[in-house]
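S.K.: What follows is a predicted structure for the sequence shown.
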Amino acid sequence: MSYTTEQLLDFLDQELRATWQGERVVLSSVERLDHPAIAKAIGAQKLSKVFAIQDFRAQIHDYQRQHGVSGLLWHTCQFQGRAIQVPELHPQLIATPADKVVLVGAQSVVLEFWRQSIAGLRLWMAGNQPRPTTREAVERLVEASEWAELAATRTELYLSLCWGDPKECHCDWARPESGCDRIIATAGEPSGIKV
């Protein structure tokens, strides 16, 4: 029997705590950084902590691949008295091929919740300077996306329309192979809160 997603996250949490408490040491950390001046400026102790976490996380990712352990967690998104359970990739884990199937399969339910929740709200394309958009423009983005993600604050509903690699889709450097367009639905102007 393989470990569960929750158990892997517990292992990562325990390892992170042990590393920051100085219980894990990577002796080769200074040699692993290609720039000696930066290595010296950061210091061997801090580098050791960074590489210890990276190495352990890589082992967890290998375990996920070998045993098909999901990197998804389900969370409840609540907005204006309505709630929905949505899958989300945990930032410390990777998505298995089955995880992407789950994300793609949940898109229609996520979009239905979003469409029912935005009545009377203004739509904005998220970015450094949010700009107004239309429902028709968002629907064109929906057609180009593979899956959708939801998040909410008390007054704003965030729709992310994603494609490509679930681990990289939120990184600007991954475009155009992977990416995510974010839409904010709110009564007025977006608050600027990063969700």
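M.R.: Yep, it's here.

S.K.: Can you list the residue ranges for helices in the chain?
M.R.: Ranges of helices in the chain, per DSSP state H, are 5-20, 29-32, 36-42, 44-67, 97-117, 135-144.

S.K.: For these, which has the smallest mean pLDDT value?
M.R.: With a mean of 49, helix 29-32 has the lowest mean pLDDT of those.

S.K.: do you know which of the helices of the chain lies nearest C162?
M.R.: Of all those, it is helix 97-117 that lies closest to C162, at 7.7 Å by CB to CB. For the C-beta atoms, the positions are set from N, CA and C on the backbone; glycine is no exception.

S.K.: neighbouring contacts of the closest one?
M.R.: 68, 70-72, 77, 79-80, 82, 84, 86-87, 89, 95, 142, 145-150, 157, 159, 162, 166, 185 (CB atoms under 8 Å, 6 or more residues apart in numbering).

S.K.: cool, stretch 168-188 as well?
M.R.: So stretch 168-188 is contacted by 114, 117-118, 120-127, 130, 133, 138, 141, 145, 149, 155-165, 190 (CB under 8 Å, 6+ apart).

S.K.: Are any of the contacts of helix 97-117 buried, and if so which?
M.R.: Neighbour-count burial within the contacts of helix 97-117 applies to 70-72, 77, 79, 84, 86-87, 89, 95, 142, 145, 147-150, 157, 159, 162, 166, 185; the criterion is 16 or more other CB atoms under 10 Å.

S.K.: State the phi and psi torsions of Y3.
M.R.: phi -70, psi 160 (degrees, to the nearest 10).

S.K.: Not counting sequence-adjacent ones, nearest residue to it?
M.R.: Of all residues beyond its chain neighbours, the one nearest Y3 is V69 (6.4 Å), with distances taken as CB to CB, 6 or more residues apart in numbering.

S.K.: One more: E146?
M.R.: Counting by CB to CB, 6+ apart, the nearest residue to E146 once its immediate chain neighbours are dropped is W163, at 4.5 Å.

S.K.: Do I have it right that that neighbour meets E143?
M.R.: No: contact criterion CB atoms under 8 Å: W163 and E143 do not qualify, at 11.0 Å.

S.K.: Can you give me the domain boundaries for this protein?
M.R.: Domains of the chain are assigned by automatic domain parsing as 5-67, 72-186.

S.K.: Distance from the chain centre to the last one, please.
M.R.: Relative to its parent chain, domain 72-186 has a centroid offset of 11 Å by CA atoms, centre = their mean, to the nearest Å.

S.K.: Thanks a lot, see you next time.
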